[in-house]
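Chemist: here is a sequence together with a model predicted from it:
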Amino acid sequence: MFNKKSSEKTRSPRILLVDDDSVILTMITAWLEEKGYEIKTEESGSDAVRNLPTFQPDLVITDLRMEDMDGIALLNEIQKYNSILPVIMLSGTAHISDAVCATHQGVFEFLTKPVEPDELFRCVKSALSFIRTSEIETEFAPEIIHQSTIMANLLKLAQRVAKTRSNVFIGGATGTGKELLAHAIHQNSNRSDEVFMAINCGALSEQLLESELFGHEKGAFTGAVRKNLGLFQAANGGTLFLDEIGDMSPSLQVKLLRVLQDGKIKPVGAVHNIDVDVRIISATLQDLEIIVKRGEFREDLYYRLNVIPLYIPTLAERGEDIPLLIDHFLIEQAKKENVEPIRFSTDALEYMKSLPWPGNVRQLQNVIEHCCVLSPSPLIPASLVKQALSESENKFQTLAQARQEFNRYYLNRVLRMVRGNITDAAHIAGCEKDEFKLMLAEHKINLLNFCQCTDKDTAPEGDSIFFH
């Protein structure tokens with residue numbers, strides 16, 4: 001199948017040119033544009049800093065002496081935004097000490113004015129060769145914000161894997177973006193024109209998960225008032241992402257193994273098998289090798305799923321990405337609220353870069369949103385970050401809260417399945433009708449909300465299932 005992304009022309013490298021001399025800007029712009037580079041010019045360092053997240057340059061060329069913000073100060077701000085973004089510095093009045101200072105600060109090259117075109121071209125070409133993240137990777141997963149080598153290498157591997165038919169296993173801690181990577185693999189596969197579906201295997205009871213995955217015939221069990229295709233049939237030709245696969249029961253592991261071996265499923269209550277063609281991407285925050293050794297996960301299924309293993313590092317392991325992620329989430333939050341982006345103070349940024357972020361990217365995003373909403377000024381102080389972080393950590397559910405959330409979710413699922421028939425729902429739940437009513441009252445669930453379901457033959461809706 002033809003993938004339209006492969007036919008798109010790779011974009012030209014972007015260069016941000018900063019100088020308070022308009023004549024110099026015009027001259028160097030003409031030189032570089034003739035070589036095919038995309039150029040953006042700014043006449044002050046502060047304007048250049050503001051445009052870093054939106055223009056996302058591959059290289060910055062700046063003058064050393066500028067009234068608003070000199071080149072060294074601009075270099076410091078650039079390094080906060082992206083520690084590996086190369087910077088070429090120019091100056092017509094610089095001393096040797098200036099060049100030494102700039103070099104110690106991390107400038108890629110220091111050139112004196114008037115600069116010769118060939119010398120500038122040589123430096124630009126050399127600087128761009130040091131960019132760690134290639135444009136191919138950016139096209140592969142533009143929504144995965146990164147600049148670290150560890151993430152660049154992961155995406156290179158994922159990109160190669162995407163074109164194959166192999167099943168993929170994604171490991172990583174909570175909040176690292178496993179589903180995001182799974183969706184990127186699907187989008188760059190030969191199945192990209194077909195559906196991508198995701199389900200959390202740990203969020204459903206065994207009976208509900210079986211019905212969601214394999215489907216059931218009408219009347220297959222009490223409460224089966226309509227036919228349910230199941231996700232394997234609904235995702236036929238596409239990709240199915242099975243999150244928290246380690247929580248799947250032994251009996252369902254057997255059924256999943258048969259699908260992977262034979263490419264066939266048998267819905268509950270059905271007489272005949274049905275052929276399906278689905279690519280499986282699975283994930284869990286557990287160590288599958290350990291639970292296999294404990295006998296809690298089938299070894300043969302493990303090897304079927306773990307054909308291509310990918311591991312997403314924690315945010316602590318990819319600390320270089322934190323400044324870039326902060327800028328990205330600040331811009332996203334501003335777009336969502338339709339306001340001008342705000343920024344963090346220097347102290348706040350340094351504090352955020354030093355944190356372990358146990359909740360990873362998801363926790364970082366939540367803290368940034370909290371700060372943007374509550375910040376009293378356009379400059380977010382470190383004190384607000386500490387407050388948001390404290391509240392974020394305290395939001396981890398107690399066991400009682402987790403049980404309450406699951407019970408509410410389970411009751412909603414059962415009622416949706418039986419279209420609000422409380423007798424059938426209580427039977428499926430394995431309790432008396434009056435007991436079931438008490439649970440509905442406890443969780444403030446209104447039966448009338450479930451009496452208008454359609455008879456459409458499809459997988460039931462639910463919080464653990466996502467269609468893309």
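Modeler: Arrived safely. Residues are numbered from 1 along each chain as shown.
Chemist: tell me, how many residues neighbour I274?
Modeler: 17 (other CB atoms under 10 Å). Bear in mind the C-beta positions are built from the backbone N, C-alpha and C, glycine included.
Chemist: contacting residues around it?
Modeler: 233, 264-267 (CB atoms under 8 Å, 6 or more residues apart in numbering).
Chemist: go with 10 Å
Modeler: 214-215, 229-230, 232-233, 236, 263-267 (CB atoms under 10 Å, 6 or more residues apart in numbering).
Chemist: quick check: bridge partners of it?
Modeler: Going by DSSP bridges, I274 is paired in beta bridges with I265.
Chemist: need the three-state assignment for Q404.
Modeler: helix (DSSP: H, G, I helix; E, B strand; the rest coil).
Chemist: quick one: it from K444, how far?
Modeler: Distance of Q404 to K444, computed by CB to CB, to the nearest Å: 12 Å.
Chemist: now stretch 437-444, how far from the centre of its chain.
Modeler: How far stretch 437-444 lies from its chain's middle: 36 Å, per CA atoms, centre = their mean, to the nearest Å.
Chemist: ugh, wrong one, stretch 363-380
Modeler: Distance, centroid of stretch 363-380 to centroid of chain: 20 Å (CA atoms, centre = their mean).
Chemist: what about the helices in the stretch 1-150 of the chain?
Modeler: Counting by DSSP state H, counting those that start in this stretch, one finds helices in the stretch 1-150 of the chain at the ranges 22-34, 45-55, 71-81, 96-105, 117-128, 135-140, 149-162.
Chemist: okay, the ones you listed, which one's buried deepest?
Modeler: Comparing those by mean neighbour count (mean count of other CB atoms under 10 Å), helix 71-81 ranks first with a mean of 19.
Chemist: the helices of the stretch 1-150 of the chain: lowest mean pLDDT?
Modeler: Comparing mean pLDDT across these, the weakest is helix 135-140, with a mean of 56.
Chemist: quick check: phi and psi at H216.
Modeler: phi -150, psi 160 (degrees, to the nearest 10).
Chemist: ok so, going back, looking at the contacts of I274, which are in helices?
Modeler: Among the contacts of I274, DSSP state H puts 214, 232-233 in helices.
Chemist: contacts for whatever helix or strand D347 lives in, please.
Modeler: Here D347 sits within helix 346-354, counting by DSSP states H and E. Applying CB under 10 Å, 6+ apart, the contact partners of helix 346-354 are 76-77, 80-81, 83, 319-320, 322-323, 325-326, 343-345, 364, 367-368, 371, 375, 379-386, 389.
Chemist: show me which of the residues you listed are buried.
Modeler: By neighbour count, with 16 or more other CB atoms under 10 Å, these hold 77, 80-81, 83, 319-320, 322-323, 325-326, 343-345, 364, 367-368, 371, 375, 380-382, 384-385, 389 as buried.
Chemist: could you break the chain into its assigned domains?
Modeler: Domain ranges of the chain: 10-128, 137-311, 315-394, 399-454, per automatic domain parsing.
Chemist: which one of the ones you listed has the lowest average pLDDT?
Modeler: Looking at those, the bottom one is domain 399-454 with a mean of 75.
Chemist: just how off-centre is that one within its chain?
Modeler: With CA atoms, centre = their mean, you get 33 Å for domain 399-454.
Chemist: S129 and F108, how far apart?
Modeler: From S129 to F108 the distance is 11 Å (CB to CB).
Chemist: pretty sure R304 contacts L256?
Modeler: Yes. With contact defined as CB atoms under 10 Å, R304 counts as touching L256 (8.4 Å).
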